[in-house]
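>>> please find the sequence and the predicted model below.
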Amino acid sequence: MHLARAVELAARGPAHGPNPRVGCVIVAADGTMLGEGWHRGAGTPHAEPAALADARERGHDVAGATAYVTLEPCSHTGRTGPCTDALAAAGIASVRFAVEDPNPQAAGGGEVLRGRGIDARHAAYAPAAALNRRWLGAVEQGRPWVIVKWAQTLDGRTAAQDGTSFWITGEEARAHAHGVRAEVDAILVGTGTVVVDDPSLSARPPHIEDPHQPLRAVLGLRDTFGAKVWRDDNAIAIRSHDPHEALAALAAREVRTVVVEGGGTVTTAFLRAGLVDEVHAYIAPAILGAGTSAVGDLGIGTMGGALRGRDVTATALGVDTLVTAFFQRGPQ
């Protein structure tokens with residue numbers, strides 16, 4: 001029950017940014033909730049100090065209480081101090097954390113707390129892992145989590161023979177895609193997309209005022225300066241065709257999640273490199289019979305070699321359907 005509430009709190013934090021979404025609930029021995037908090041983004045207090053501050057504001061003494069946290073408390077100093085220090089100084093008697101921290105810089109908080117006489121234990125809770133699936137995957141793989149997105153017809157075409165692609169899907173599907181953009185750290189396209197479409201690559205989800213704007217990244221060797229993507233300094237040119245080099249450049253900018261919207265050539269490159277974690281395929285009830293394919297040759301000659309997604313969902317978005325599939329790490 002308490003970890004479920006901690007997950008609810010964690011979900012209030014931003015999905016984008018270098019840090020995970022974390023929630024904390026502090027509970028007295030008699031079950032009374034003393035304080036709760038969540039991490040609001042990089043540079044702000046972590047969930048544990050936020051919950052301790054909430055308890056103080058309520059006039060509660062947390063000595064002897066239990067802290068329920070969605071992620072193992074950190075034991076290092078980054079933008080903020082160690083959460084292990086804050087919990088110990090407050091007199092917390094026990095800690096239950098839903099997910100062990102895979103970040104080598106921050107991991108080991110449970111052991112640190114136990115060394116200080118605090119009963120700290122891992123209490124696995126799948127919804128907490130699911131909430132941070134992308135962040136956990138990025139940390140464990142040492143690179144940004146890659147979402148590949150495309151819009152296609154029923155027969156797998158992303159553009160007609162004459163090159164037209166506006167609009168394959170309807171307003172609901174496009175609104176959803178803008179919502180995803182507002183939750184990630186970067187959008188990546190190839191120079192071909194910039195030359196042909198001159199996209200803004202902005203997040204414009206409906207009903208959200210002043211949404212987060214991801215970093216705009218352009219992969220390739222062609223000169224595209226003067227295009228809309230370069231309208232301000234929230235953009236990066238990656239002078240390469242190598243997906244590995246692209247992800248390294250993005251990681252240097254603290255990017256944890258990136259949406260690849262670069263067209264078939266870039267999509268195919270990331271798939272061939274085995275660097276796709278999640279696919280969003282927006283499928284419209286239209287048939288072209290010819291045109292540009294969503295994915296190019298992957299060098300797969302038999303059905304036995306097909307890339308198979310898991311944890312697949314299909315969501316109706318007006319007349320269109322979003323199929324989401326994962327190709328790497330699943331919730332633990």
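Yes, it's here. Numbers count the residues shown, from 1 in each chain.
>>> where does the chain have low pLDDT?
106, 329-332 (pLDDT under 70).
>>> any idea how it splits into domains?
2-130, 135-326 (automatic domain parsing).
>>> what's the first-to-last distance across the shortest one?
With C-alpha to C-alpha, to the nearest Å as the measure, the first residue of domain 2-130 is 17 Å from its last.
>>> please compute how far it lies from its chain's middle.
20 Å (C-alpha atoms, centre = their mean, to the nearest Å).
>>> if we can go back for a sec, among the domains of the chain, which is the most enclosed?
Most buried of these, by mean neighbour count (mean count of other C-beta atoms under 10 Å): domain 2-130, with a mean of 20. For every residue, glycine as well, the C-beta is placed using N, CA and C.
>>> what helix or strand is Ala249 on?
helix 243-251 (DSSP states H and E).
>>> distance of the residue nearest to Leu288 when sequence neighbours are not counted from Ser165?
Leaving out its chain neighbours, the residue that sits closest to Leu288 by C-beta to C-beta, 6 or more residues apart in numbering is Arg157, at 4.4 Å. Arg157 sits 9 Å away from Ser165, taking C-beta to C-beta, to the nearest Å as the criterion.
>>> sec struct for Ile147, please.
Of the three states, Ile147 takes strand under DSSP: H, G, I helix; E, B strand; the rest coil.
>>> and it, how far from Ala15?
12 Å.
>>> any residues in contact with both of those two?
Residues touching both Ile147 and Ala15 (C-beta atoms under 8 Å, 6 or more residues apart in numbering): Arg134, Val184, Thr257.
>>> phi, psi for the first one please.
Per-residue torsions, Arg134: phi -70, psi -40 (degrees, to the nearest 10).
>>> thought it was touching Arg143?
No - with contact defined as C-beta atoms under 8 Å, Arg134 does not reach Arg143; the gap is 11.8 Å.
>>> show me where the stretch 101-250 of the chain has its helices.
109-115, 126-131, 133-141, 171-181, 191-197, 243-251 (DSSP state H, counting those that start in this stretch).
>>> which of the shared contacts of Ile147 and Ala15 lies closest to Leu215?
Val184 (9.2 Å; C-beta to C-beta).
>>> next, give phi and psi for the residue nearest to that closest one when sequence neighbours are not counted.
Nearest residue to Val184 in three dimensions, chain neighbours excluded: Thr257, at 4.3 Å (C-beta to C-beta, 6+ apart). Dihedral pair for Thr257: phi -130, psi 140, per degrees, to the nearest 10.
>>> list the contacts for Thr257?
Ala15, His16, Arg134, Trp135, Ala138, Pro144, Trp145, Ile147, Glu183, Val184, Asp185, Ala186.
>>> in the sheet, who's paired with the nearest residue to Thr66 once chain neighbours are set aside?
Once flanking residues are discounted, Thr66 sits nearest to Ser94: 4.5 Å by C-beta to C-beta, 6+ apart. Taking DSSP bridges as the rule, Ser94 bridges to Thr66, Asp119.
>>> contacting residues around Ser94?
So Ser94 contacts Thr66, Ala67, Ile118, Asp119, Ala120, Arg121 (C-beta under 8 Å, 6+ apart).
>>> repeat for Arg222
Thr191, Gly192, Val195.
>>> my read: Pro20 touches Cys74, true?
No - at 10.0 Å, Pro20 does not count as touching Cys74 under the criterion of C-beta under 8 Å.
>>> now for those two: what residues contact both?
Here Pro20 and Cys74 share no contacting residue, scored by C-beta under 8 Å, 6+ apart.
>>> Thr315 looks like it's in a helix, true?
No - using three-state DSSP, the assignment for Thr315 is strand, not a helix.
>>> now it, nearest residue through space, not along the chain?
Per C-beta to C-beta, 6+ apart, closest to Thr315 is Leu322, 4.5 Å.
>>> and the closest residue to Glu171 other than its chain neighbours, what are its phi and psi?
Nearest non-adjacent residue to Glu171, counting by C-beta to C-beta, 6+ apart: Gly318, 6.8 Å away. When quoted as degrees, to the nearest 10, the phi and psi of Gly318 stand at phi 70, psi -130.
>>> now Leu87
phi -70, psi -40.
>>> which residue lies farthest from the center of the protein?
Distance to the chain centre peaks in the chain at Asp30, reaching 36.9 Å (criterion: C-alpha atoms, centre = their mean).
>>> now do the SS call for that one.
Secondary structure for Asp30, judged by three-state DSSP, is coil.
>>> distance check, it against Arg58.
Applying C-beta to C-beta to Asp30 and Arg58 gives a distance of 15 Å.
>>> and for Ser75?
Distance from Ser75 to Arg58, by C-beta to C-beta: 27 Å.
>>> over to Asp210?
Applying C-beta to C-beta to Asp210 and Arg58 gives a distance of 31 Å.
>>> again with Arg5
16 Å.
>>> no further questions, thank you.
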